[in-house]
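In: Here's my sequence, what's the structure:
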Amino acid sequence: MMRKGICILICLLPILAQKKDEGNVIDKGIDWAIGLWKRAEKEGRPFAEKTIKQAPAYYKGIQKSLTDFAKRVERGDVAKSIEEKKKLVTELWHMRSAINLMSLLEPAVLKQLTGFDTKQFGEMQKTLQKTESKLAKAGVKAKA
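Out: Numbers count the residues shown, from 1 in each chain. As a prediction, this is how the structure comes out:
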C-alpha cells in the first residue's frame, strides 16, 4: 500500500513542479512588462520607436487583444484562483506596456508604425483604464 502511494507521488511530482514553474513564468512575464516600461521611461522616444519597429504586427494587434480582453472582463470572465489572476494580470501588463510605449511616439510616427490615429489610440487608452478599473473592483489588481 505504501509502495503504491509512493508511485503515485512520484508520478505527480512533474505535474506539481510544472505548476510551480508556471507561477514563476507568470511572475517573470509581469516583471518583464514592468521592466520594459521602466526602460522606456528612462530612454524615451527613441527606445519606443526602435522597439515598435522591431515588432510592428504585435503592436498593431494590441487593439484587438485589448478589445477581446475588455469583453471578457465585461462578461465577468474574471479569474478566481491566484494563478488565474496572475495570468490575467500578466496579459493586462503586456497590453498596458504596449500602449504606454506607443504613447511615447509622435502622432505621425504612431500612425506610420501601427496605423492608429490619435482618436483610435485615445479610445484604446480609455478602454484600458475602464478595464483596469473593472478588474480592480473584481479583486484583480496589477502590481506596480
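
In: Please save the CA atoms from stretch 106-117 in CSV.
Out: Output in CSV follows, covering the C-alpha atoms of stretch 106-117 (Å, rounded to 0.1, in the frame of the first residue of the first chain):
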residue,chain,number,x,y,z
GLU,A,106,4.7,61.4,-32.0
PRO,A,107,1.2,61.0,-33.6
ALA,A,108,2.6,60.8,-37.1
VAL,A,109,5.1,58.1,-36.2
LEU,A,110,2.4,56.2,-34.3
LYS,A,111,0.2,56.3,-37.4
GLN,A,112,3.1,55.2,-39.6
LEU,A,113,4.2,52.3,-37.5
THR,A,114,0.8,51.0,-36.2
GLY,A,115,-1.9,52.5,-38.3
PHE,A,116,-3.5,54.1,-35.3
ASP,A,117,-4.5,57.7,-35.4
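
In: mind listing what's buried in it?
Out: 109-110, 113-114, 116 (16 or more other C-beta atoms under 10 Å). (Glycine included, C-beta is placed from N, CA and C.)

In: can you check stretch 54-71 too?
Out: Under 16+ other C-beta under 10 Å, the buried positions of stretch 54-71 are 59, 62-63, 66, 69-70.

In: Tell me which two in these are the farthest apart.
Out: Tyr59 and Ala70 (17.5 Å; C-beta to C-beta).

In: Format the buried residues of stretch 106-117 as a markdown table; extra columns: distance to Leu92 and pLDDT.
Out: Putting the buried residues of stretch 106-117 into a markdown table (distance: C-beta to C-beta, whole Å; pLDDT from 0 to 100) gives the following:
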| residue | distance to Leu92 | pLDDT |
| --- | --- | --- |
| Val109 | 25 | 93 |
| Leu110 | 21 | 93 |
| Leu113 | 23 | 92 |
| Thr114 | 20 | 93 |
| Phe116 | 19 | 94 |
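
In: Can you name the two of those residues that sit furthest apart?
Out: Spanning the widest gap among those are Val109 and Phe116, at 10.8 Å by C-beta to C-beta.
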